[in-house]
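Q: coordinates for the following, if possible.
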Amino acid sequence: MRPSVVICGSYHADPPGLRRIFQELETTGCRILSPISIDFVDTTQEVVRANYEDGFGIDELERYHLRALQSADFIWLHAPGGHIGLSGLFELGFATAIQKPVYCLVSPEDAMLATQVRIVPSAFAALQDLRLIA
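A: Take a look at the predicted model:
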């Protein structure tokens, strides 16, 4: 069975980096539960949405994302420069509360938040750490 993952954090910051990690997770065989696509309509808006999410309220989007977090094998935190944003902070807290492992390329700026993630050089390294691949 393919490992499942949710990408949390700042979708506004570093879109090329977000695209790279999305592609790396797909390439390593992960099933990305949320977001399903990173082809966002407008990253300058407060709430980033893909075309298929147009018409959904912010509360509906977050409920979907939290359900995906519950189903995921692990969480990937997109934190360019250590920044995760308020929604990412909320999601990191939720993931920690439900004891999901959270991986990241860069440590969050906040010292306490940094204790809640595992820093790895790649998605492949996260899968190795989880013993999901040899």
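Q: I'd assumed residue 131 was in contact with residue 101.
A: No - between residue 101 and residue 131 there is no contact, the gap being 11.1 Å when judged by CB atoms under 8 Å. (Glycine included, C-beta is placed from N, CA and C.)
Q: tell me which of these two has more neighbours.
A: residue 101 (15 against 7; other CB atoms under 10 Å).
Q: may I have the residues that are in contact with that one?
A: 74-75, 118, 126, 129-130 (CB atoms under 8 Å, 6 or more residues apart in numbering).
Q: just those now: which is nearest residue 97?
A: Nearest to residue 97 among the contacts of residue 101 is residue 75, at 11.9 Å by CB to CB.
Q: for the closest one, give me its contacts.
A: Residue 75 neighbours (CB under 8 Å, 6+ apart): 5-8, 69, 91-92, 95, 100-103.
Q: quick check, nearest of these to residue 32?
A: Using CB to CB, residue 5 is the member of the contacts of residue 75 that lies nearest residue 32, at 5.8 Å.
Q: excluding chain neighbours, what is closest to the closest one?
A: Among residues not flanking residue 5 along the chain, residue 30 sits closest, at 4.8 Å (CB to CB, 6 or more residues apart in numbering).
Q: any idea how far the one you found is from residue 3?
A: 5 Å (CB to CB, to the nearest Å).
Q: where do the contact lists of those two overlap?
A: Contacts common to residue 30 and residue 3, judged by CB under 8 Å, 6+ apart, are residue 127.
Q: of these two, who's got more company?
A: Between residue 30 and residue 3, counted using other CB under 10 Å, residue 30 has the larger neighbour count: 23 against 18.
Q: phi, psi for that one please.
A: Note on residue 30: backbone dihedrals following degrees, to the nearest 10 are phi -80, psi 150.
Q: ok, back up a step: now tabulate the contacts of residue 75 in JSON lines and tack on pLDDT, distance to residue 17 and secondary structure.
A: Output for the contacts of residue 75, formatted as JSON lines (pLDDT from 0 to 100; distance: CB to CB, whole Å; DSSP: H, G, I helix; E, B strand; the rest coil):
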{"residue": "5", "pLDDT": "98", "distance to residue 17": "16", "secondary structure": "strand"}
{"residue": "6", "pLDDT": "97", "distance to residue 17": "17", "secondary structure": "strand"}
{"residue": "7", "pLDDT": "95", "distance to residue 17": "11", "secondary structure": "strand"}
{"residue": "8", "pLDDT": "94", "distance to residue 17": "14", "secondary structure": "strand"}
{"residue": "69", "pLDDT": "97", "distance to residue 17": "21", "secondary structure": "helix"}
{"residue": "91", "pLDDT": "93", "distance to residue 17": "18", "secondary structure": "helix"}
{"residue": "92", "pLDDT": "95", "distance to residue 17": "18", "secondary structure": "helix"}
{"residue": "95", "pLDDT": "97", "distance to residue 17": "20", "secondary structure": "helix"}
{"residue": "100", "pLDDT": "98", "distance to residue 17": "22", "secondary structure": "coil"}
{"residue": "101", "pLDDT": "98", "distance to residue 17": "21", "secondary structure": "coil"}
{"residue": "102", "pLDDT": "98", "distance to residue 17": "17", "secondary structure": "strand"}
{"residue": "103", "pLDDT": "98", "distance to residue 17": "14", "secondary structure": "strand"}
